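Participant: Task: produce atomic coordinates for the following.
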Amino acid sequence: FAVTVANHSDEPARSLAIRLTVDTKELSGTIEIGPRAEATKDFHLALPQGEVLAGRASIAPDDLPLDDSFSFVVSSNLGPRVLVVNGAPSTIPHRDEVHYLTRALRVVSTPQGPLRTTVVTPDEPVDLAGFDVIFLCNIAAGTAVLGDLRVRELEAAIRRGAGLVVTVGANTNAKTFAGNIDRLLPATLHTENARSPTTPLATMTPSSDHPETRAFKEAANVGSPPPAFIRAIVLLPRPGAPTETLLRFSDGTPALIEQALDAGRVLVFASTIDRDWTDLPIRPLFAPWIADLVDALTPKSGVDRARRLSPGDAIPIPAGADVVVTGPSGFEETRGPRDSRAVIAGRVGLHKIEIRGAGRNAKPTSTMLAVTPDPAESNVMRAAATPSDARTPLAARAQNAKPQGPPLMTAFALALLVLLLAEAIVVSRR
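Facilitator: Numbers count the residues shown, from 1 in each chain. Down below sits the predicted model:
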């Protein structure tokens, strides 16, 4: 474990006590940090295999206690969790949308262990928070996974570090991503390019040095023929967005486009992940390509970033579930099926979420989430004055004054002053 501590003071921090706790194990040490600088302390800790554990890193108390500790959830020797949403399931294996994808995922090996893959249909309820990589495959418009609430859950998971891969197919058209999910994607879906089955549309050529293109480069180096396509969706990269085209068809049109979204990334593939529009799934490069995608999108730290929230974030809850939320202080709050499908993360620290009775024959499930403060809030340096501040006398005085207390207490004192003035005016008029 590497614990990084920032010192926003003008004075150095000498022999600062630092402690790391994971489950029941605890290590401690000291760290030296210069003024306005950061320093990292390494801890080596052996953990039991195959468990999800709660951890906490902390320093000696100071004048701002809120950021003196950092809670986290760590997956011990567990492979990345992959969610596959199957938009066109079939009882005939080779006709199933994700048949070849799931077979490729079975042979993927990671330093953390084998992948833990879950396959669901677009309308099945699932908690997105615990997954490292999510595949949306040939999803039709109007399905639950594209609903507003699920898209908000998906966006939160991506921004915390999850990766999203979107593939298209016969169910997909411009209306599929016309809702809120459109803002998450690096490209818009324009029209369909159709060719007869005997005339391949194009072949993909790598256009960057990203890991996601390595399998195609290696296949070309050994003289392997490129995959053929009979159909593809035209992807139009968003103007001004930080997108990158990783793969192109031989006619120059984008085949795979990527965009970063905070700590996570989103990729859109212009064709199918099965054999309906391409022979890619039966080419030798397919399994290595899927492995490279998962490796590139999976957080490299053992700390589960998908289980990390900020105060005010929504904790998704399946419809019709009874939920017990246990906060850092041990207080339990029960929410029934008539309540909102989300619990708002409040206090900083670890929260245990127990979900009971979500759907018929559903087994009780539980998960742990860590609510952490924004590191930027620890920086107490004065903000630079802006022209709007100069036009506001009160703001200008506040800018030049020395801080006398936390912002919340200042706001409370001002509100109390206004209340007393109002009371004095009322009394004087009686």
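Participant: Let me know the secondary structure of P226.
Facilitator: For P226, the assignment made with DSSP: H, G, I helix; E, B strand; the rest coil gives coil.
Participant: What sits closest to it if chain neighbours are left out?
Facilitator: Here the nearest residue to P226 in space, its sequence neighbours aside, is T203; by CB to CB, 6 or more residues apart in numbering that works out to 3.6 Å. No exception for glycine: its C-beta is placed from N, CA and C like everyone else's.
Participant: Now do the contacts for the one you found.
Facilitator: P226, P227, A228, F229, F249, S250 (CB atoms under 8 Å, 6 or more residues apart in numbering).
Participant: how far away is the fifth one from T213?
Facilitator: When distances are taken as CB to CB, to the nearest Å, F249 and T213 turn out to be 13 Å apart.
Participant: what's the neighbour count on H94?
Facilitator: Residues near H94, counting by other CB atoms under 10 Å, number 11.
Participant: quick one: it is in a strand?
Facilitator: No - H94 is assigned helix when assessed by three-state DSSP, not a strand.
Participant: going forward, begin numbering at 345 instead of 1
Facilitator: I'll keep to 345 as the first residue from here, and by that count the last item is H438.
Participant: quick one, what contacts it?
Facilitator: R619.
Participant: How much space separates it from A448?
Facilitator: Taking CB to CB, one finds H438 at 14 Å from A448.
Participant: Quick check on the nearest residue to V464 once chain neighbours are set aside: phi, psi?
Facilitator: Leaving out its chain neighbours, the residue that sits closest to V464 by CB to CB, 6+ apart is V470, at 5.3 Å. Phi and psi for V470, reported as degrees, to the nearest 10, are phi -150, psi 140.
Participant: I figured V470 was touching L427, is that so?
Facilitator: Yes - counting by CB atoms under 8 Å, V470 does reach L427; the two are 6.7 Å apart.
Participant: Settle it for me: which of the two has more neighbours?
Facilitator: L427 (22 against 19).
Participant: pretty sure F560 belongs to a helix, no?
Facilitator: Yes - looking at F560 with three-state DSSP, it is inside a helix.
Participant: confidence score at it?
Facilitator: The model reports F560 with a pLDDT of 90.
Participant: ok, now E556?
Facilitator: Value for E556, per-residue pLDDT: 87.
Participant: State the number of residues packed around it.
Facilitator: 23.
Participant: Let me know whether it touches A635 as I believe.
Facilitator: No - using CB under 8 Å, E556 makes no contact with A635, being 10.6 Å away.
Participant: could you pull out the helices for the stretch 345-494 of the chain?
Facilitator: Here the stretch 345-494 of the chain has its helices, by DSSP state H, counting those that start in this stretch, at 443-450, 492-503.
Participant: With mean pLDDT and distance to A531 added, can I get these in CSV?
Facilitator: CSV is the format used below for the helices of the stretch 345-494 of the chain (pLDDT from 0 to 100; distance: least, CB to CB, whole Å):
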stretch, mean pLDDT, distance to A531
helix 443-450, 95, 21
helix 492-503, 88, 16
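Participant: between those helices, which one is nearest to D406?
Facilitator: The closest of the helices of the stretch 345-494 of the chain to D406 is helix 492-503. By CB to CB, the value is 29.1 Å.
Participant: Could you export the helix or strand just after the closest one as CSV, keeping only the C-alpha atoms?
Facilitator: Once the chain leaves helix 492-503, the next helix or strand it forms, by DSSP states H and E, is strand 507-511. Presented in CSV, the C-alpha positions along strand 507-511 are these (Å, rounded to 0.1, in the frame of the first residue of the first chain):
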residue,chain,number,x,y,z
GLY,A,507,-14.4,1.4,-17.8
LEU,A,508,-17.4,1.2,-20.2
VAL,A,509,-17.3,-0.6,-23.6
VAL,A,510,-20.3,-0.1,-25.9
THR,A,511,-20.8,-2.3,-29.0
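Participant: Which secondary structure elements does strand 507-511 sit against?
Facilitator: strand 477-481, strand 608-613, helix 630-641 (3 or more CB pairs under 8 Å, 6 or more residues apart in numbering; DSSP states H and E).
Participant: Quick check: mean pLDDT of the longest one?
Facilitator: Which is helix 630-641. On average, helix 630-641 scores 93.
Participant: Does that helix pack against any helices or strands, and if so which?
Facilitator: helix 443-450, strand 453-454, strand 477-481, strand 507-511, helix 558-565, strand 608-613.
Participant: Enumerate residues external to it that contact any of its residues.
Facilitator: Taking CB under 8 Å, 6+ apart as the rule, helix 630-641 contacts 424, 426, 444-445, 447-449, 451-454, 459, 476-477, 506-507, 509, 554-556, 558-560, 562, 608-609, 611, 624.
Participant: who's N351 bridged to?
Facilitator: A381 (DSSP bridges).
Participant: Low-confidence stretches in the chain?
Facilitator: 392-394, 419-422, 455-456, 535-546, 644-653, 655-665, 674-690, 699-710, 718-774 (pLDDT under 70).
Participant: From S568, how far off is the residue nearest to P570?
Facilitator: 11 Å.
Participant: same question, A390
Facilitator: From A390 to S568 the distance is 43 Å (CB to CB).
Participant: of those two, who's got more company?
Facilitator: S568 (13 against 8).
Participant: The more buried one and K561 touch, don't they?
Facilitator: No - between S568 and K561 there is no contact under CB under 8 Å: 10.8 Å.
Participant: What's the local residue count around E395?
Facilitator: 12.
Participant: How about S359?
Facilitator: Based on other CB under 10 Å, the number of other residues close to S359 is 9.
Participant: okay but it is in contact with A383, surely?
Facilitator: No - contact between S359 and A383 fails when scored by CB under 8 Å: they sit 11.9 Å apart.
Participant: For F414, which non-adjacent residue is closest in space?
Facilitator: Looking at F414 with CB to CB, 6+ apart, the closest residue is A401, at 4.8 Å.
Participant: actually L397, not the one I typed
Facilitator: D367 is the one closest to L397 (CB to CB, 6+ apart), at 4.5 Å.
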